[in-house]
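Asks: For reference, the sequence and a predicted model appear below.
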Amino acid sequence: MYSIETKSLSKSFGDLKAVNDISFTVQEGEIFGFLGPNGAGKSTTMMILTTLLKPTSGQALVSGYDVRANPKEVRQRIGYVQQETTVDEYLTGRENLILQARLNHIPKDEIDKNIDEVLDLIELSDKQNEAVVTYSGGMRKRLDIAGGLLHRPKVLFLDEPTVGLDIQTRRKIWEYIKKIHTEFDMTIFLTTHYMEEADQLCDRIGIIDSGKIQVIDSPENMKSAMGKEVISLVIENGEAQTKFIEELEKIQLVNKINHDNEKITIFASKGTEVIPKIFQISSDLKIKINTISLTSPTLDDVFISYTGHEIRDEGGFNRKKEHAKMKRLRA
Amino acid sequence: MSLLYDSYTIFWRELKRYKKSRSGVLIRLIQPAIWIIVIGNTFAGTQPLIQSVGFEGQYIEFMAPGVIILTAIFTSIFGGVNTLWDRRYGFMNKALTSPISRSSIALGKMSAISLIAALQASLILGIALAIGVTFPNPIMIAPIMAIVILFSLGFSGISVMVAATAKSQETFWGIINFLGMPLFMLSPALFPLELLPEWLASVAKLNPVTYTVLLVREMMTGVSEGGVPALLSIAVISVFVLIMVGLASYVFTREVNKPF
């Protein structure tokens, strides 16, 4: 049995297809991540899996139960940590966890033991009796995560677990997530738009863009499929550009080329041997190369190669799309 | 586990939040305190009007039960507003993805709101006693508070229902202000029903606030007015509360299942 299984899952808001025919499976005990820009459909998918939204069509099973037919069964088996911190500021850390424990029907005689255990795990034991209002952003997030795993769910959902946190805090949260995963052996499904986060945490990643899954694989496989090296070029714009790219594609060691006007990214298996060839072609075609660099492929490169754009380029465009979505939801 | 346990979880959380907002407790007392002190003294000269319908005491004694109910109405009808915050800031989604039922969230909120309303009302009762309102039978405080809790439960139902349906603060306050003041004014809280024009009096007779004010005033002063027996008042209040609680649970469940 899969921990999560979706079959042609779709969700529309009016004529906007937020989630468009998504099918994937997550194994038990796996850390699986959805990587994509804001508005790609990550959170919508998560809201369907956590029974907050009903799919427009298709099917989703969590821990073997259909989210539409048996939402109550699903709710008993999941933990959900939302993007925003949702802890009650006026309550103490411990009171927040007591509330969470009662909401999730932890038997009375186990509540204290479970709370002590997770407080210890996220290193908040000494602050537990202080009001959350005195906590830092990172501490609130840790408390939120603690609340999500208090009842030992089979599947833990983390929606953008480190959004808005500084880089040190982010690293710390990653450590906690890894620790949770090894100690409690639960399936973790997370969404993120940070490459590094997906790379660090996930066994497998699904790249999602405009409501569709572009590719699913392990970060390692994705990167090695790109070729061993990345050559980035900036050339002077000119008519010979198309011809230049055609010629580049003919080089044997080149796996894939992406180009965006004067910026060209070449994925190759032996970069050091490809570079002289690039110079040869450019001098034949009289194309001026402004800069050239040789690096190892990152998940960024993987993302660009599947979606055709950088993840952070999306901000402006998707804010508009998000806004349209919110308006529809309110109407 | 049971609906009762789940409702208690939400009730516990709401009361914790209330306890920690000490400034809120006082701020919410200012308005009714002004009512009882300013209006109570301004209209002191209307005593003959009150006497003409058979009420022997001071005007302030007549209107004190009205202001207690005023406190209960407004504390409870405003009380559901944090539903909107809960939906905006994620607590609602946390509760909705947990195994507790939707109606237990509504019931927990309503019972917490009505207890808080009764606490606020009892503080106003204290102020009334402090400024000289007498109480012929102090034992009556317990049943009066019971009535206030019951009555507030109905109004908290209205509040939770409106908050679950409204998508914004503006809509919520618009509807609540539209409902609250007329319900208060169309009752014998400040003046006896006998002084209202016939048509207004008959509208007032459809208002559950009317029966609550009459009942509480009778319990506080011992004077029965308007020919409404206490048992009828209790029956009207009970039916009103039952309908509101049922309707609120239904509407709340339906609304929170829609995306916010």
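Replies: Yep, that arrived.
Asks: Mind checking what secondary structure whichever residue of the stretch 51-200 of chain A sits closest to chain B has?
Replies: Of all residues in the stretch 51-200 of chain A, A:Thr86 sits closest to chain B, with a separation of 3.4 Å (CB to the nearest CB). C-beta here means a position set from N, CA and C on the backbone, and glycine is covered the same way. When classified by DSSP: H, G, I helix; E, B strand; the rest coil, A:Thr86 comes out as coil.
Asks: Which residue of chain A lies farthest from its centroid?
Replies: Computed with CA atoms, centre = their mean, the residue of chain A farthest from its C-alpha average is A:Asp284, at 43.5 Å.
Asks: quick one: contacts for the residue of the stretch 51-200 of chain A closest to chain B?
Replies: With contact set as CB atoms under 8 Å, 6 or more residues apart in numbering or on different chains, A:Thr86 has these partners: A:Asp144, B:Tyr89, B:Gly90, B:Phe91, B:Asn93, B:Lys94.
Asks: Quick one: check the least confident helix or strand in chain B by mean pLDDT for contact with chain A.
Replies: Ranked by mean pLDDT, DSSP states H and E, the weakest helix or strand in chain B is helix B:22-34, scoring a mean of 81. No - in terms of CB under 8 Å from any CB of the partner chain, no part of helix B:22-34 sits within range of chain A; the closest distance is 10.5 Å.
Asks: Go through that helix and flag the buried ones.
Replies: Judged by neighbour count (16 or more other CB atoms under 10 Å in any protein chain shown), helix B:22-34 contains these buried residues: B:Arg28, B:Leu29, B:Pro32, B:Ala33.
Asks: Check stretch A:70-89 too.
Replies: Of the residues in stretch A:70-89, A:70-71, A:73-83, A:85-88 count as buried by neighbour count, 16+ other CB under 10 Å.
Asks: near chain A, which residues of the stretch 151-260 of chain B?
Replies: Among all residues of the stretch 151-260 of chain B, those adjacent to chain A (criterion: CB under 8 Å from any CB) are B:Lys167, B:Pro259, B:Phe260.
Asks: Swap in 6 Å and give it another go.
Replies: Taking CB under 6 Å from any CB of the partner chain as the measure of proximity, the stretch 151-260 of chain B contacts chain A at B:Lys167, B:Pro259.
Asks: And for stretch B:54-70, what's in contact with it?
Replies: Contacts of stretch B:54-70 from elsewhere in the structure, counted by CB atoms under 6 Å, 6 or more residues apart in numbering or on different chains, are B:32, B:35-36, B:40, B:43-44, B:46-47, B:50, B:121, B:124-125, B:128, B:133, B:184, B:189-190, B:212-213, B:216-217, B:220, B:223.
Asks: In helices, which of the residues you listed fall?
Replies: Cross-referencing the contacts of stretch B:54-70 against helices under DSSP state H gives B:32, B:40, B:47, B:50, B:121, B:124-125, B:128, B:184, B:212-213, B:216-217, B:220.
Asks: quick one: buried residues of stretch A:250-258?
Replies: When neighbours are counted by 16+ other CB under 10 Å, the buried residues of stretch A:250-258 are found to be A:Ile251, A:Leu253, A:Val254, A:Ile257, A:Asn258.
Asks: do the same with stretch B:249-259
Replies: Taking 16+ other CB under 10 Å as the basis for neighbour counts, the residues of stretch B:249-259 that come out buried are B:Ser249, B:Val251, B:Phe252, B:Thr253, B:Glu255, B:Val256, B:Pro259.
Asks: so what's the fourth one closest to, chain neighbours aside?
Replies: In this structure, B:Thr253 finds its nearest non-sequential neighbour in B:Arg102, 4.0 Å apart by CB to CB, 6 or more residues apart in numbering or on different chains.
Asks: and the residue of chain B nearest chain A?
Replies: Of chain B, the residue with the smallest distance to chain A, taken as CB to the nearest CB, is B:Gly90 at 3.4 Å.
Asks: Quick one: name the residues of the stretch 51-200 of chain A near chain B.
Replies: For the stretch 51-200 of chain A, the residues in contact with chain B under the definition CB under 6 Å from any CB are A:52-53, A:75-76, A:80, A:82, A:84, A:86, A:90-91, A:99, A:102-105.
Asks: Just the residues you listed: which are in strands?
Replies: With strands defined by DSSP state E, the entries of those inside them are A:Tyr80.
Asks: Max pairwise distance over the residues of the stretch 51-200 of chain A next to chain B: which two?
Replies: Taking every pair in those and measuring CB to CB, the maximum separation is 29.5 Å, between A:Leu53 and A:Tyr90.
Asks: So for those two, which sits in the more crowded spot?
Replies: Using other CB atoms under 10 Å in any protein chain shown as the criterion, A:Leu53 and A:Tyr90 rank with A:Leu53 on top: 21 against 15.
Asks: mind checking how far that one is from B:Ile116?
Replies: If you measure A:Leu53 against B:Ile116 using CB to CB, to the nearest Å, the figure is 33 Å.
Asks: do the same with A:Lys288
Replies: Per CB to CB, A:Lys288 is found 75 Å from B:Ile116.
Asks: Please apply the same query to B:Trp35.
Replies: 19 Å.
Asks: returning to what we had before: looking at the buried residues of stretch A:250-258, which is nearest chain B?
Replies: Within the set of the buried residues of stretch A:250-258, A:Asn258 lies nearest chain B; the separation is 36.4 Å, counting by CB to the nearest CB.
Asks: The closest one touches A:Thr265, doesn't it?
Replies: Yes - between A:Asn258 and A:Thr265 there is a contact at 4.5 Å, judged by CB atoms under 6 Å.
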